[in-house]
Structure formats: structure tokens, C-alpha cells
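Peer 1: here are the coordinates; sequence isn't available:
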């Protein structure tokens, strides 16, 4: 492992929990243990329903964008991201990406880690609707649509983090910002914070600013705790370094999506990333 540098990027999802209603419907934006108690027809994609954007969610998103020193667009646009899972009955998610830009692009954040000041570049910050939550039981799956349509901020960093400690320090700093500005409770126990982790390695003597030197990027989806983020990153770095040393890197490390399994303490393959760059 001493011969390699870790390249870590994060996709941090945080619910905006401090609005009265959801991002595109009049349903209450409130955590409830009673399933399907905070829903409206638009959340369920009933015919004839149309979304209306929540002004307060836009204001909070722009505030977060300015804190991160991002550029804000002149106009706010939303678009459809198509996928077909039961947690989004419309068959698509209303999100932001390219038209013309999300609520924030090209920002940065400084934070402290082990007594040192670190800086991470922010690729973009965008506002979207959250999906419903699923609970997988022994013979069936139940879906709670209380979470469907809750305003969700996704923050995407560049691969500027070099260790699990740096990744967790960054996430803790962002959680503090969301809490201090009253954008969100940022309570992971309520599912308000989730994280996707992108990990690759490169040889230590190579230039990290040249993408040609980067290794194969592996994405770890939906890590639900900061401790899980730390463990998943450390495991994945070790897995990729061992493959390099064993000469099996090209076979074992693919551009793919994996998940973190807490019981085994390993990442497990979910699917390949056929459209990734």
C-alpha cells in the first residue's frame, strides 16, 4: 500500500429537512415512523398531477451553494432521470444535471483533518427529490412513500481526498454546515444523510492531476453511516492495492458499482457501470 495513492471522491446526499412541505408536492416534509402518512397524489404519480417547486428548498439550496463558493446559474432548471424501481412510481426522478447547470458548480471547501487544513474541489451541488424507502423482509418487500419527494441535496466532489480519515472529516464538516445553517437536521439515523464513495488508486510517483494516471474507479453505493464510509474506503483501498501487488488488478478491479456489507466487512459487486467515463 505504501507504493500507491488513493483517489477518493464523494457523492453526499443530505435531505433538506427544514421545509414545511416536500420539494414538488404539498405533503408534509416530516419524519414519521407511521408508513405512508405524509403523501399526496403527486408523490404517487397519480394521473393528472403536476409538480410545483418548493421556493424555500430553492433558497436553502442556493445558500449551501454560496457557502461552498460555487457558481450559481441565472435560471433553475429540472430534468428527468429515468429508472424503473418501485421506490419511484413515476418511473423517473426529478433532478438537475445539465440544463443549463445545477444550483452550484465548481466550488471548494476547506476542512480540518488530523491537525491539517485540507481543501476539496466541489464539482457540483444539485437539488432533487428523494426516493421512497424500502424494507426487505424474508419473503416480501414493503415500501414507505413518506420519503418520496423529500428535497434532497447531492454534493459531488472531485477525487481530491486521499484517505478514509479525510473523507470522514469532510462529511463531518458538511454535516455541521447543514445543521448550523438550519438546512437539515442531517441525522443519519433518520436516513437524512447517505453517501456514495468512489475509490481508485494510482502509483505514488505519478502526477495525480493527470487523469491518464488514475486507476479504475469503483463506486460504493448508499453507505449510511460515517463509520461505514471509513471502513468501506479502507477495505476497497486494500483490495485494490492487493490486486496490484498480485498482478490481478486488470481482472479483479472493474469499473463497477459495489455495496458495503457491514456483516462481512467487505464490498460486494452489484453491477457494472457500462455508461461510466
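Peer 2: Everything's here; your move. All figures in this text were calculated on a predicted structure; none of them were measured in a lab. Numbers count the residues shown, from 1 in each chain.

Peer 1: switch to C-alpha atoms for all contacts and neighbour counts from now on
Peer 2: Will do.

Peer 1: Just confirm residue 98 is within a strand.
Peer 2: No - using DSSP: H, G, I helix; E, B strand; the rest coil, the assignment for residue 98 is coil, not a strand.

Peer 1: what about it, how many neighbours?
Peer 2: 10 (other CA atoms under 10 Å).

Peer 1: Likewise for residue 109?
Peer 2: With other CA under 10 Å as criterion, residue 109 counts 17.

Peer 1: Flag the shaky bits of this structure, pLDDT-wise.
Peer 2: 1, 273-277 (pLDDT under 70).

Peer 1: Report the buried residues of the helix or strand harbouring residue 236.
Peer 2: For residue 236, the element it lies in under DSSP states H and E is helix 226-246. Neighbour counts over helix 226-246 (16 or more other CA atoms under 10 Å) mark 226, 228-237, 239-241, 243-244 as buried.

Peer 1: any idea how far residue 203 is from the nearest residue to residue 162 once chain neighbours are set aside?
Peer 2: Of all residues not flanking residue 162 in the chain, residue 6 sits nearest, at 5.1 Å (CA to CA, 6 or more residues apart in numbering). Distance, residue 6 to residue 203, by CA to CA, to the nearest Å: 9 Å.

Peer 1: okay, the two: which has more neighbours?
Peer 2: Comparing residue 6 with residue 203 by other CA under 10 Å, the one with more neighbours is residue 6, at 28 against 18.

Peer 1: Helix or strand for the more buried one, just tell me which one.
Peer 2: strand 4-15.

Peer 1: Show me the helices in the chain, by range?
Peer 2: 55-67, 164-180, 226-246, 249-252 (DSSP state H).

Peer 1: Generate a markdown table for those, with distance to residue 18 as supplementary columns.
Peer 2: Shown next, in a markdown table, are the helices of the chain (distance: least, CA to CA, whole Å):
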| stretch | distance to residue 18 |
| --- | --- |
| helix 55-67 | 9 |
| helix 164-180 | 10 |
| helix 226-246 | 22 |
| helix 249-252 | 44 |
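
Peer 1: Would you tell me which of those helices gets closest to residue 141?
Peer 2: helix 226-246 (24.0 Å; CA to CA).

Peer 1: Please work out the angle formed by the directions of the closest one and strand 4-15.
Peer 2: Interaxial angle, helix 226-246 versus strand 4-15 (axes from the mean of the first three to the mean of the last three CA atoms, to 10 degrees): 150 degrees.

Peer 1: So what are the sheet partners of the longest strand that the chain contains and their directions?
Peer 2: If you go by DSSP state E, the chain has its longest strand at strand 116-129. Its sheet considered, strand 116-129 pairs with strand 104-113 (antiparallel), strand 151-157 (antiparallel) by DSSP bridges.

Peer 1: Other residues contacting it?
Peer 2: 23-24, 58, 61, 65, 68, 70, 93-97, 102-112, 148-158, 160-161 (CA atoms under 8 Å, 6 or more residues apart in numbering).

Peer 1: about what we covered before: go through the helices of the chain and name the closest to residue 132.
Peer 2: Comparing the helices of the chain under CA to CA, the one sitting nearest is helix 55-67, at 18.6 Å.

Peer 1: Any buried residues in the closest one, and which?
Peer 2: Buried, per 16+ other CA under 10 Å, within helix 55-67: 56-58, 60-65.

Peer 1: Packing partners of that helix?
Peer 2: Applying 3 or more CA pairs under 8 Å, 6 or more residues apart in numbering; DSSP states H and E, one finds that helix 55-67 makes contact with strand 104-113, strand 116-129.

Peer 1: Now render those strands as TSV, adding distance to residue 144.
Peer 2: As requested, those are arranged in TSV below (distance: least, CA to CA, whole Å):
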stretch	distance to residue 144
strand 104-113	30
strand 116-129	15
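
Peer 1: what about those strands, which gets the closest to residue 222?
Peer 2: strand 116-129 (15.8 Å).
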